[in-house]
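In: generate a structure from the sequence data that follows.
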Amino acid sequence: MARYLGPKSKIARKFGEPIFGADKAFEKKKYPPGQHGQTKKRKKMSEYGIQLLEKQKAKYTYGLLERQFANTFEKAVRMRGITGENLLGLLESRLDNVVYRFGIAPTRRAARQLVGHRHITVNGEVTNIPSFIVKPGDIIGVREKSKSLEVIGDSLAARPSSYSWLEWDNEHMHGKFLNIPEREAIPENIKEQLIVELYSK
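Out: Presented below is the predicted three-dimensional model:
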């Protein structure tokens, strides 16, 4: 499936925050991209524009394309509970995101690559579908043949703080997905209600 492979810093500057993680280029130029980004005064954005921008931010943050994001939203609508929170819960439950959260990969893009190249297992079975939805109780691990990969070792060595909905076993290089996280536990700066309002039009 096609993926956005363009410059990440440019996208981060568009949203005014480092949505792809630590970024030296973003820190250097925090203003919008373009020739007049530093001096240009932006027009007051419409309500629709604000909602659209929030959806685009969520798409780029989690690495989904338009149709895939729309399908995820439709699933969230059919679930019980608050649609916006359901949406973020589904995005956090994607295999590529879980691999990233465990620290097996330094970025979501790298996590997708590891999954696609068959380095990741779910409940002992190799799974190469980044959009696979992980369920509570599932065990996500590194394939035995891949445990010596330098990129995985380096990423785990620099592993960030653990998350309350994940349990990692460093010795066996696998982790357990305990539950779908509550909204307040998800660190992403996304106003999901704006996305719900956009799709409700």
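In: distance check, Gln113 against Asn170.
Out: 22 Å (Cβ to Cβ, to the nearest Å). In this view, the C-beta of every residue, glycine as well, is placed from N, C-alpha and C.
In: likewise Met45?
Out: 45 Å.
In: sec struct for Thr121, please.
Out: Look at Thr121: counting by DSSP: H, G, I helix; E, B strand; the rest coil, its state is strand.
In: that one bridge partners, please.
Out: Here Thr121 sits in beta bridges with Val126, Gly141, going by DSSP bridges.
In: and the pLDDT for it?
Out: pLDDT for Thr121: 98.
In: quick one: contacts for it?
Out: Going by Cβ atoms under 8 Å, 6 or more residues apart in numbering, Thr121 touches 127, 140-143, 174.
In: from Pro160, how far off is Glu167?
Out: Relative to Pro160, and taking Cβ to Cβ, Glu167 is found at 15 Å.
In: can you get me a residue count around Arg78?
Out: Look at Arg78: counted by other Cβ atoms under 10 Å, it has 8 neighbours.
In: quick one, phi psi at it?
Out: phi -80, psi -10 (degrees, to the nearest 10).
In: just want the most central residue of this protein.
Out: Tyr62 (3.0 Å; Cα atoms, centre = their mean).
In: hang on, that residue packs against Tyr100?
Out: No. Applying Cβ atoms under 8 Å, one finds Tyr62 not in contact with Tyr100, separated by 9.6 Å.
In: which non-adjacent residue is nearest Tyr62?
Out: Of all residues not flanking Tyr62 in the chain, Leu91 sits nearest, at 4.7 Å (Cβ to Cβ, 6 or more residues apart in numbering).
In: what helices or strands is whichever strand or helix holds that neighbour leaning on?
Out: Under the criterion of DSSP states H and E, Leu91 resides in helix 83-92. Packing partners of helix 83-92 (3 or more Cβ pairs under 8 Å, 6 or more residues apart in numbering; DSSP states H and E): helix 47-62, helix 66-78, helix 95-102, helix 192-199.
In: buried stuff in that helix?
Out: For helix 83-92, the neighbour count (16 or more other Cβ atoms under 10 Å) marks 83-92 as buried.
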